[in-house]
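Asks: need a structure here:
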Amino acid sequence: MNQNKNHKVVTLVLICFSVYLTASAMSLIFNVHWQPLDRVNLLSDLFVYKTEPSAKNTKASTQKIITEQSPEQDFQLYKKPEFITNFYKGDSICALPRLAAKIARLQKTKKGKIRIAYFGDSMIEGDLLTQTLRRLLQQELGGYGVGFVPITSNVNGFRQTVTCAASGWKDTNFMTSGAKNLYISGHIFTGNGTAQYRDNTIKNNDVSIRKSILFGKADNGSLTFNNQTISINGKEWVNSQMLSDDTSHTIKIHSNTASMPLYGVSFESENGVFLDNFSFRGITGVELAKINDEVFEAINQNTPYDLIVLQYGVNLLFRPNDKNYDYYAQRMVPVLARLKKDFPNTDFLLISSADRAFRYNGEMKTAVGMPNLIQTQAQLAFENGLAFYNQFESMGGENAIVKWAQQNPPLANKDYIHPNAKGGDVLAEKIFRAMMNDYKKYNPKTKNKK
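Replies: Prediction:
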C-alpha cells in the first residue's frame, strides 16, 4: 500500500516537472512571458538576457525579454591555416556574413554584382594571386571581366590578365611628395596621354562587357574613345562614365584635357563577381591614410564594395632581426577605423604576411620576427572587428618560402620573398576554399556574429 502511494507521488512529481519544463521552454521559444514564471524559469540560466522597450509601452518598467546566445571568442584561432576567422568559437560562425548574404542572393537570382577590393603590395603585383582568385570566384558565382585597371602601370609588360600600351601620362601617387586627391589605387593620372587596353580574362567573345572610365572632378573635360570625342563631366570625387557596352573587349582612349584627373578603366559584365586588384609595390598599408575620406565615401555611395581585403606585411620585414611591430599597429589603427567608418556595410578581411626568409649563420630561414608580426596583424584584426586569414601558416608555416623556392618546379623566387605565378595560384586556391567554406556556415535565419 505504501509502495503504491510512493509510486503515485513520484509520478505526480515527474508530471509536474515535465509541465513546468515545457512551459519554461515554450516561454523562451515563443517569447511569451508570465511574470511569476519568468522569475523561476528553469532554463533562464542557460541564456543571456537583454531587454528592450515594449512596442506598446516605451516606459522602462514595461519590458520584453530577448534571448541571445553569446559565442565565446578565442584569439588563438588566428593560428589556424586555410581558415577565415572573426575569432568567435563554433563551427557555424560565418566570419564574412555580409559577403555571404550577397553570395546567397546572387546564387538564387543570378542577378546583381558582388564587388571585392583586394589591396596589397608586390605580392599581388601584376594581378598575381588575384587573377586566380577572380577566375575561381567567377567560375563559381558568375561574372566576366577583369574589373579595375589603372590608366598605366609599371607592370604593363608583366600582367597577363590585361594588355595595356600607354604613353604620355603623368602619374602622381603615394610616393609623390605632397600628393593629394589620390584614388584608392594610390594613383592619379593627368596629361594628354593615350592608352589601349584588352581584357584577356574573357574567353567568350559573345559576352557583352561594360567598359567605363573612372575619373575625379572634371568640368568640360574631353576624351577621345575609339576615335570618337566624348565629353567628361563629374562633380563627385569619384565618377564613372560608360564608354561602351558590347562584345568588344578592347578599348582605346586619349585625354584631350591635360588637367583632367583620371584613375583607370573597368571591364564588367552585367552580373557576377568582380575583384579589383589594388597593388602598390613597397608599401605596408599605412599609406591608405593619404586617401581622402571623400574619395572613400564617393566609392561607397556609387559602387560600394562587399568585401575589402588588406594583404600587407612583407615590407615590414626589411631588417632580419626586427621583432617589435607595435609602431606599425599604432599607425594602422586609424587607417582601419577610417575604412570601417567610410564603408559601414562592407566586410573586411585582413590577410597576414606570407613567409619571407633571411640568411642566418649561412642558412636561409624564416625571419625571426615573423611570429611577432603575424600576432600583431591578428591583434589588429581582433581588436578592430576584422576577419583574419593566416597566409603564413596556410603556405606551410616556418621556412615555407625556402621550401617553395628550392622545390622543383619552384613555387617562389630565389629572393625568398615573392611566390611566383605557380605559387600565387596555390595561395589563391587556398583563399578561395577558405571563402567558400566560410560561406557554407552562413545561415540567413540567424544573426552571424560580426
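Asks: Against Leu373, how distant is the nearest residue to Ile351 once chain neighbours are set aside?
Replies: Once flanking residues are discounted, Ile351 sits nearest to Gln311: 4.0 Å by CB to CB, 6 or more residues apart in numbering. Every residue, glycine included, has its C-beta placed from N, CA and C. With distances taken as CB to CB, to the nearest Å, Gln311 is found 13 Å from Leu373.
Asks: Tell me how far the residue nearest to Ile351 lies from Asn156.
Replies: 22 Å.
Asks: Please say which of those two ends up with more neighbours.
Replies: It is Gln311, of Gln311 and Asn156, that has more neighbours when counted by other CB atoms under 10 Å, with 25 against 17.
Asks: beta partners for the more buried one?
Replies: Beta-bridge pairing for Gln311 (DSSP bridges): Gly120, Ile351.
Asks: And for Thr229?
Replies: Thr224.
Asks: Do me a favour and get the end-to-end distance for stretch 311-331?
Replies: 16 Å (CA to CA, to the nearest Å).
Asks: no wait, stretch 413-420
Replies: First-to-last residue span, stretch 413-420, CA to CA: 6 Å.
Asks: In that stretch, which residues are buried?
Replies: In terms of neighbour count (16 or more other CB atoms under 10 Å), stretch 413-420 has its buried residues at 416-420.
Asks: Now do the SS call for Arg359.
Replies: What DSSP: H, G, I helix; E, B strand; the rest coil gives for Arg359 is strand.
Asks: Can you list the buried residues in stretch 354-371?
Replies: Buried residues in stretch 354-371 (16+ other CB under 10 Å): 354-358, 365-367, 369-370.
Asks: now, which of these lie within strands?
Replies: 357-358, 365-366 (DSSP state E).
Asks: domains in the chain, as residue ranges please.
Replies: Residue ranges for the domains of the chain, per automatic domain parsing: 2-68, 72-143+272-450, 145-270.
Asks: ok, now which ones touch Glu297?
Replies: For Glu297, the contacting residues are 237, 342, by CB atoms under 8 Å, 6 or more residues apart in numbering.
Asks: can you map out the strands along the stretch 151-300 of the chain?
Replies: Secondary structure of the stretch 151-300 of the chain (DSSP state E, counting those that start in this stretch): strands at 162-167, 170-173, 187-190, 194-199, 209-215, 218-225, 228-234, 239-246, 250-255, 262-268, 272-279.
Asks: pull the CA atoms of the third one into CSV?
Replies: This file holds the C-alpha atoms of strand 187-190, laid out as CSV (Å, rounded to 0.1, in the frame of the first residue of the first chain):
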residue,chain,number,x,y,z
HIS,A,187,47.5,56.9,-58.1
ILE,A,188,46.0,59.8,-60.1
PHE,A,189,46.8,60.3,-63.8
THR,A,190,46.8,63.6,-65.8
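Asks: now it, how far from the centre of its chain.
Replies: Strand 187-190 has its C-alpha centroid displaced from the chain centroid by 25 Å (CA atoms, centre = their mean, to the nearest Å).
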